[in-house]
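K.L.:
Generate a structure from the sequence data that follows.
(chains A and B)
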Amino acid sequence: MTEHFADVYPGLTPRLVIGESGARSLSLREEIAAGTYAPVVTGALIDQLEQAGLRGRGGSGFPAHRKWRAVRDGAAPRVVVANGEEGEPSSFKDRWLLTNRPHAVIDGLLLAAAAVGADRAVIYLSHPETVSSVRQALVELPSIPGRVEVELHVVQHRYVAGEESAVCRSINGGPALPLAKPPRPFECGVDGHPTLVSNVETLAQAAWIARNGADAYRALGTSASPGTMLVTLGGACRRPGVYEVPYGLTLGQLIEDCAGGLSNGIGGVLAGGWFMGVADASLLEATWCYDAMRAAGSGVGCGAVTVLGHDERLEEVVARLARWYVEESAQQCGVCVKGTVAIADTLELFSRGSAEPDALANLARWGTTLQGRGACAFLDGAANLAGTFSKIITSDRTMQPVAVE
Amino acid sequence: MKVFLDPIKCSGYGACADICPSLFAIDEFGFAQLLSDGVVAASDEDSARNAAVSCAENAIKIEG
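P.N.:
Okay, the predicted model is just below:
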């Protein structure tokens, strides 16, 4: 994976991967020429986001306007946070955006602050290259009348550090670990104030909508999943990278047309990051949109897709991922500590061919009973892994990986 | 009335499941889980309050 490589779906007029940004960082002069920081009326921006149908790009796909409106309707003072702590190991799109177009994110953050009436704005980061690019962008930030000051908050990278309550906890001086809900940050976040924690791509997309309108945004994608999305295509494909794609094509089309197709056949797919578990090759036929990916038993998530080669043993892959969940657990919730270990131990035995007879039944059960149990959604990811693997291992197609022709 | 269970605080003492089994259970790993979305039926309100005050970790919060 080349971290800073990005491209556009063939023939698509890009919105985020513009100019030469796919290969290098855009200068402030280039950003301003592209419209970034141009004055815009933000009074109706939240309504525009609703009309556009913008959904959060951090993984949840939550409607952006509902989150923004909830913060705006809270009591002042309010806070906005650009969340660039890309915890998902298979995703690079936020790092690409922050490294190559930091001004697009800052622009979106300033517009969000104006739209919700915030008087404090924070950019939350961990990866050193993004800290460097954003710091430079803040130094050269042009003078904009009435804009809030933008602070930088740097945190040690770990998966759960990007969870929104962990974001607020860290900015408040605590550890970057999730809190139990309620309250959620929109009610009580940074310094106890209503806080909008938004993924950096969501902010950049919102800025695009502010300047081009909801109708223009809907010109691409589907009616239920409008617009474009930054996806990270990786694993066994010929040209791994970050791509700006419209919703509504099949996953197979995205891999073929953007990433040059499969490089080593296909033994499975991890879509929506690692969070949505594993799928078999049939997922390539599913349409890349929120409803169809969910119906196929997977999800769009943060847009990261990892193709497993035909010779990768699925049992070994899932055992490795399950052990990662054990290591990345915040160790705060007892059910997460015990649940991730139970899943990992079972999948490890499965990988060695020495699983107990009830192993598949246990995995299937945990895939359901461990959903929604922790203070954050981390355990849901491990549960998804257990549940999807148990389904896939019993299906006819699973153990018949397809070799590349 | 609605109950919320804090999974960080829960240590699995199990008083909640003993006092209010219609709302709480102890799972196979030994920790409390809510059996519903937390909305409490009128007939369970007293036992839900008892479960909350009996929790040694103050892991149960009641709203409404």
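
K.L.:
which stretches of the chain have low pLDDT?
P.N.:
All of this refers to chain A. Applying pLDDT under 70 to chain A picks out residues A:1-4, A:396-405.

K.L.:
um, chain B though
P.N.:
Using pLDDT under 70, nothing in chain B is flagged.

K.L.:
remind me, longest helix of it?
P.N.:
helix B:45-54 (DSSP state H).

K.L.:
mind checking which helix or strand residue A:124 is in?
P.N.:
strand A:120-125 (DSSP states H and E).

K.L.:
packing partners for that strand?
P.N.:
On a contact count with 3 or more Cβ pairs under 8 Å, 6 or more residues apart in numbering or on different chains; DSSP states H and E, strand A:120-125 meets strand A:79-83, helix A:102-116, helix A:128-139, strand A:150-154, helix A:164-171. For glycine as for every other residue, the C-beta is placed from the backbone atoms N, C-alpha and C.

K.L.:
same thing but 10 Å
P.N.:
Other elements packing on strand A:120-125 under the criterion 3 or more Cβ pairs under 10 Å, 6 or more residues apart in numbering or on different chains; DSSP states H and E are strand A:79-83, helix A:93-100, helix A:102-116, helix A:128-139, strand A:150-154, helix A:164-171, strand A:195-199, helix A:200-212.

K.L.:
relative to helix A:102-116, how tilted is it?
P.N.:
Between strand A:120-125 and helix A:102-116, the angle comes out at 140 degrees (axes from the mean of the first three to the mean of the last three Cα atoms, to 10 degrees).

K.L.:
Just give me the neighbour total for residue A:19.
P.N.:
16 (other Cβ atoms under 10 Å in any protein chain shown).

K.L.:
likewise residue A:316?
P.N.:
14.

K.L.:
before we move on, the earlier item: and of the helices and strands packed on strand A:120-125, who's closest to residue A:381?
P.N.:
helix A:164-171 (14.9 Å; Cβ to Cβ).

K.L.:
check whether the closest one contacts chain B.
P.N.:
No. Helix A:164-171 lies out of reach of chain B by Cβ under 10 Å from any Cβ of the partner chain, never closer than 10.8 Å.

K.L.:
And for residue A:41, the neighbour number?
P.N.:
9.

K.L.:
hang on, the earlier thing: list the buried residues of the strand holding residue A:124.
P.N.:
A:120, A:121, A:122, A:123, A:124, A:125 (16 or more other Cβ atoms under 10 Å in any protein chain shown).

K.L.:
how close does the last one sit to chain B?
P.N.:
Here residue A:125 is placed at a distance of 26 Å from chain B (Cβ to the nearest Cβ, to the nearest Å).

K.L.:
surely that residue meets residue A:151?
P.N.:
No. Here residue A:125 does not reach residue A:151: they are 11.2 Å apart, not a contact under Cβ atoms under 10 Å.

K.L.:
For residue A:307, list each beta-bridge partner.
P.N.:
Note on residue A:307: beta-bridge partners by DSSP bridges are residue A:235, residue A:269.

K.L.:
these two touch, right, it and residue A:240?
P.N.:
Yes. The criterion here is Cβ under 10 Å, and residue A:307 meets it with residue A:240 at 8.9 Å.

K.L.:
overlap in contacts of the two?
P.N.:
A:233, A:234, A:259, A:263 (Cβ atoms under 10 Å, 6 or more residues apart in numbering or on different chains).

K.L.:
Closest one to chain B out of the residues you listed, please.
P.N.:
residue A:234 (32.3 Å; Cβ to the nearest Cβ).

K.L.:
Next, the contact list for the closest one, please.
P.N.:
Taking Cβ under 10 Å, 6+ apart as the test, what residue A:234 contacts is A:1, A:89-92, A:240-242, A:259, A:270, A:304-307.

K.L.:
Report how many residues lie close to residue B:55.
P.N.:
Neighbours around residue B:55, by other Cβ under 10 Å: 23.

K.L.:
thinking again about what came up before, mind putting the helices and strands packed on strand A:120-125 in CSV, distance to residue A:318 included?
P.N.:
Below are the helices and strands packed on strand A:120-125 laid out as CSV (distance: least, Cβ to Cβ, whole Å):
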stretch, distance to residue A:318
strand A:79-83, 28
helix A:93-100, 24
helix A:102-116, 34
helix A:128-139, 30
strand A:150-154, 33
helix A:164-171, 26
strand A:195-199, 27
helix A:200-212, 28
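
K.L.:
Which among those is found nearest to residue A:72?
P.N.:
The nearest among the helices and strands packed on strand A:120-125, by Cβ to Cβ, is helix A:102-116 at 4.2 Å.

K.L.:
Just the angle for the closest one relative to helix A:200-212, thanks.
P.N.:
For helix A:102-116 against helix A:200-212, the angle by the same axes, to 10 degrees is 70 degrees.

K.L.:
ok, back up a step: which other helices and strands contact the longest helix of chain B?
P.N.:
Using 3+ Cβ pairs under 10 Å, 6+ apart, helix B:45-54 is in contact with strand B:2-5, helix B:15-19, strand B:24-26, strand B:60-63.

K.L.:
Alright, that wraps it up for me.
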